[in-house]
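*Asks:* curious how this folds, go ahead:
(one chain, ligands or ions: 2)
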Amino acid sequence: MFDITQLEPAFIKYCTTRNHSYTYGTAGFRANASTLDTVMFTTGIVAILRSLVLQGKYIGVMITASHNPPQDNGVKIVEPSGAMLIESWEQIATDLANIASHGNFTAFVMHLSQVIAKLNIDETTTPRLIVGHDSRESSPYLMECLQAAAPVFDTIVINHTLITTPQLHYLTMLQNDVVTEVDYYKFFSTSWNNLFSLYPDLNLTFNNLIVDGANGVGSVQFSKFLPYLPQLATLTTIINDKHNVPQMLNVDCGADFVKTNQKLPNGIVNPNPSDLYASFDGDADRIVFYYVDNNKKFHLLDGDKISTILTKCLISMLRESELLNDINLGVVQTAYANGSSTKYITKSLKVPVECTKTGVKHLHHIAESKFDIGIYFEANGHGTVLFSNKFYEVLQKAIDNGSSSEKIHKARLSLFYFSKLINQTVGDSMADLLAVIATLSILQLSPSDWDTEYQDLPNLLTKCTVLNRFVFKTTDMERKLTSPSGLQEKIDAAVSKYDSGRSFVRASGTEDAVRIYAEAKTKAEVEALSKEVTQLVENS
Ligand SMILES: CC(=O)N[C@H]1[C@@H](OP(=O)(O)O)O[C@H](CO)[C@@H](O)[C@@H]1O
Ligand SMILES: [Mg+2]
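*Replies:* Numbers count the residues shown, from 1 in each chain. Ligands and ions are numbered 1, 2, ... in the order given. Just a heads-up that it's a prediction; the model follows:
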């Protein structure tokens, strides 16, 4: 039995941020790190309660603010399956944080005991947490806040300290007391070796690989992972690897910088057209690729390009496996996906596309519930491919039954090993990097061949600060505004003036801003459309 009144000293010590209203956004709680002690303390308790409700299964907690600036931080909870916290618990997490922030200890204890009573918890269960953090300066202290309530609940806590978000998701999914990051390296390098063993004569389609670690935890982890991948290690250089200079995190580098500014990150002086470049974000769950042409012009290969090339490869493996009619494959995108990519997937590859709301939790859910092979990527490079139980059943049966053709058998084994190469819990810079390189090798496409599969429509993603972003409410998978009243009609009128024009506006779930997306036939038109819509937002 636990006595929650014993939480008082920790409450006084760690809940120093008062009268702050916390909201659970697109990716958990996220704000300036100086305001986060209270919500870290309560999130630790929520994770403990979640573990108690699930009979002591390991619950993951990651402290990170991903691509946000160094002074921010955040926290997200991971289910035992490795997926994000189930949505119905977001409210429990939000309410507990806000009662701790706005109320005194008595009010807090009263609220918490009501929550515990409602959850019907068996108090003899031992809760288990598996935790980690990114390289931010604030992370170790926030980790202390997060764990402050653990002794009162007799919690077992495994702290992996400096680890990437997807590694933490993967290790949570293993539900094992003794797993470490080495288990991650071994699993994914074995998958890589298995897949390549089917293609002994295959050459990579670029000379060198340059990986931008965003000066974050991804650079630490990738340098530890590389020795398990000797074939790649010899041709890979990691740049922006100053994870121990926290103020450099995501500054002029990383996936978000490259995608938003559509240019090379810091640290690449003389780019080589025969090399492949990739940038991770601050917690290494996103990746974008790029290359330069012979004129040294920069070309971005973003989440849409990743999603389309993986789709092309997997659909051809399915076809060669003669399983196209038994396994359903589809792609999940958000409204931010470039219109050309959607057209390419549906028209050229003849694969269905679902559009859903921003945030990986939404994409993941659709990919999992609608498809046997669900490929999902946000345009910013956050995504993965999910393989269903049915996929494994059908494939295993086909492999066991054997095939007269060597080619068909090889395609089936390729599908199997490929499914093990990509992180099943969440988007993962390192696993996605391996999956893309394997894809390019199997299809024998150079980075520029990959790029020419389809041509992006010129697009612009900007943000603007407004008095109250919460008045911007949307419908139709965030593609249309329902409030402020009358604004959507004005946006529609603006869009209709442009060839292949598209634009939508929504409030960010991670920043205090409204995002404006626009695309059109030419760069000049997209700039004009974006400007018009920005003015409409500002005047609303
Ligand atoms: C347009 C855009 O890139 N939005 C990002 C951003 O969400 P917003 O709700 O737009 O702030 O951060 C999320 C978390 O990292 C990420 O999932 C999402 O794709
Ligand atoms: Mg991230």
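*Asks:* can you show me the strands along the stretch 401-540 of the chain?
*Replies:* Ranges of strands within the stretch 401-540 of the chain are 459-464, 473-475, 480-483, 502-507, 514-519, based on DSSP state E, counting those that start in this stretch.
*Asks:* for the second one, which residues meet the burial criterion?
*Replies:* Right, strand 473-475. residue 474 (16 or more other C-beta atoms under 10 Å). Where you see a C-beta, it was placed from the backbone N, CA and C, and this is true even at glycine.
*Asks:* what do you get for stretch 352-359?
*Replies:* For stretch 352-359, by 16+ other C-beta under 10 Å, it's 353, 354, 355, 356, 357, 358, 359.
*Asks:* reformat those as CSV; add distance to ligand 2, secondary structure and pLDDT.
*Replies:* Formatted as CSV, the buried residues of stretch 352-359 follow (distance: C-beta to the ion, whole Å; DSSP: H, G, I helix; E, B strand; the rest coil; pLDDT from 0 to 100):
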residue, distance to ligand 2, secondary structure, pLDDT
353, 24, strand, 98
354, 22, strand, 98
355, 22, strand, 97
356, 18, strand, 97
357, 17, coil, 96
358, 13, coil, 95
359, 12, coil, 91
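*Asks:* please convert those residues to CSV, extending it with distance to ligand 1.
*Replies:* Formatted as CSV, those follow (distance: C-beta to the nearest ligand atom, whole Å):
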residue, distance to ligand 1
353, 17
354, 16
355, 14
356, 12
357, 9
358, 5
359, 5
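*Asks:* identify the farthest-apart pair in those residues.
*Replies:* The span of these, defined through C-beta to C-beta, is set by 353 and 359 at 17.6 Å.
*Asks:* nearest residue to residue 439 in space, please, no chain neighbours.
*Replies:* Leaving aside its chain neighbours, residue 439 sits nearest to residue 313 (4.4 Å; criterion: C-beta to C-beta, 6 or more residues apart in numbering).
*Asks:* after whichever strand or helix holds the one you found comes which helix or strand?
*Replies:* Per DSSP states H and E: residue 313 is located in helix 303-320. Per DSSP H and E, the first helix or strand lying C-terminal to helix 303-320 is strand 329-334.
*Asks:* now the angle from that next one to helix 303-320?
*Replies:* Between strand 329-334 and helix 303-320, the angle comes out at 170 degrees (axes from the mean of the first three to the mean of the last three C-alpha atoms, to 10 degrees).
*Asks:* compute the distance from the centre of strand 329-334 to the centre of its chain.
*Replies:* Using C-alpha atoms, centre = their mean, to the nearest Å, the mean C-alpha position of strand 329-334 is found 15 Å from that of the whole chain.
*Asks:* packing partners of the next helix or strand after that strand?
*Replies:* Scanning forward in sequence from strand 329-334 by DSSP H and E, the next helix or strand is helix 339-343. If contacts are counted by 3 or more C-beta pairs under 8 Å, 6 or more residues apart in numbering; DSSP states H and E, helix 339-343 sits against helix 303-320.
*Asks:* hmm, the helix it packs on in reach of ligand 1?
*Replies:* No. Shown here: helix 303-320 not in contact with ligand 1 (C-beta under 6 Å from any ligand atom), separated by at least 8.7 Å.
*Asks:* ok, the closest residue to residue 508 other than its chain neighbours - contacts?
*Replies:* In space, and not counting its chain neighbours, residue 508 is closest to residue 515: 5.4 Å by C-beta to C-beta, 6+ apart. Contacts for residue 515 (C-beta atoms under 8 Å, 6 or more residues apart in numbering) come out as 461, 462, 463, 505, 506, 507, 508.
*Asks:* from ligand 1, how far out is residue 515?
*Replies:* Distance from residue 515 to ligand 1, counting by C-beta to the nearest ligand atom, to the nearest Å: 5 Å.
*Asks:* same check on residue 263?
*Replies:* For residue 263 relative to ligand 1 (C-beta to the nearest ligand atom), the value is 17 Å.
*Asks:* and stretch 268-287, what's its mean pLDDT?
*Replies:* Taken as a whole, stretch 268-287 has an average pLDDT of 97.
*Asks:* thanks again, I'm all set now.
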